[in-house]
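# Here's my sequence, what's the structure:
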Amino acid sequence: MATASKQNVRSDTEAFLEFLAQERDVSSLSIGATGYCMGGGLSLSAAGSFPDRVLTAASYHGGNLATDDPESPHLLAPRIKARVYVAGAVEDASFPDSQKRQLTEALQAAGVTHTVETYAGAKHGWCRPIQWCTTARPPTANFARLVRADAEARASQVLSCSEPAIGRPHA
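All right, here's what the predicted structure looks like:
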């Protein structure tokens, strides 16, 4: 993972977004980002680095989301326009209550629509993309709710346009 620096991931994400923008079959330049573990912080960083492209961002058991690191995801909150969902574990040393508070405060101060929650009895790695979450209220349902609300709002904008909703979204 030594090559997965935040700068390299940012550069790769930019290249990915540029590639998608050239594809005829891509009907929107907007994306959603989801990350597990290290990818959780990268998801939030993508939302802050590409605020006009990332509409929703989720972090599942992401760690180090609000630290003293100059590239800490919480520092990008003022740039984030996406809806953000963070699902952490109460028993996770990489996302203690102090980071949860700091991240929440940064998102609130920036006016970001967000949910940051931790699950009691859960430990780091409790929710993996290849298995169903074993909680009473799966966090994926919460993220889906945020995405659905955003999609419905955008759909009403597209439906009100006189041109076909194919290609780049209308301004």
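
# Residue ranges in this structure under the pLDDT threshold?
1-2, 128-171 (pLDDT under 70).

# can you give me the helices for it?
For the chain, the helices defined by DSSP state H occupy 6-22, 38-49, 97-109, 139-159.

# and the one residue sitting closest to the centre of the chain, bridged to which residues?
Most central in the chain under CA atoms, centre = their mean is residue 57, positioned 1.5 Å from the mean C-alpha point. Beta bridges link residue 57 to residue 33, residue 84 when assigned by DSSP bridges.

# and it, what is it in contact with?
Residues in contact with residue 57 (CB atoms under 8 Å, 6 or more residues apart in numbering) are 32, 33, 34, 43, 44, 46, 47, 80, 82, 83, 84, 85. In this view, the C-beta of every residue, glycine as well, is placed from N, C-alpha and C.

# Select from the residues you listed the one having the most neighbours.
Within the contacts of residue 57, most neighbours by other CB atoms under 10 Å means residue 44, with 32 neighbours.

# can you pull the contacts of the nearest residue to it once chain neighbours are set aside?
Closest residue to residue 44 apart from its sequence neighbours, by CB to CB, 6 or more residues apart in numbering: residue 73 at 3.8 Å. For residue 73, the contact set (CB under 8 Å, 6+ apart) comprises 41, 44, 45, 48, 65, 66, 103.

# Run a quick check on residue 61 versus residue 88, I expect a contact.
Yes - counting by CB atoms under 8 Å, residue 61 touches residue 88, with 6.2 Å between them.

# Identify the contacts common to these two.
95, 122.

# With neighbour numbers in mind, choose between the two.
Neighbours per residue (other CB under 10 Å) separate residue 61 from residue 88, with residue 88 holding more: 29 against 26.

# Was I right to think the more buried one contacts residue 119?
Yes - with contacts counted by CB under 8 Å, residue 88 reaches residue 119, the gap being 7.3 Å.

# how many other residues sit next to the spatially closest residue to residue 89 that is not a sequence neighbour?
Nearest residue to residue 89, sequence neighbours excluded (CB to CB, 6+ apart): residue 122, at 3.7 Å. Applying other CB under 10 Å, we find 20 residues neighbouring residue 122.

# Name the nearest of the contacts of residue 57 relative to residue 95.
residue 44 (11.9 Å; CB to CB).

# Quick check: the closest one vs residue 9, distance?
12 Å (CB to CB, to the nearest Å).

# about what we covered before: wait, the residue nearest to residue 89 sits on residue 95?
No - the pair residue 122 / residue 95 is not scored as a contact, 10.7 Å apart, by CB under 8 Å.

# Please enumerate the shared neighbours of those two.
In terms of CB under 8 Å, 6+ apart, residue 122 and residue 95 are both contacted by the residues 61, 88, 89.

# Fine by me, we can end here.
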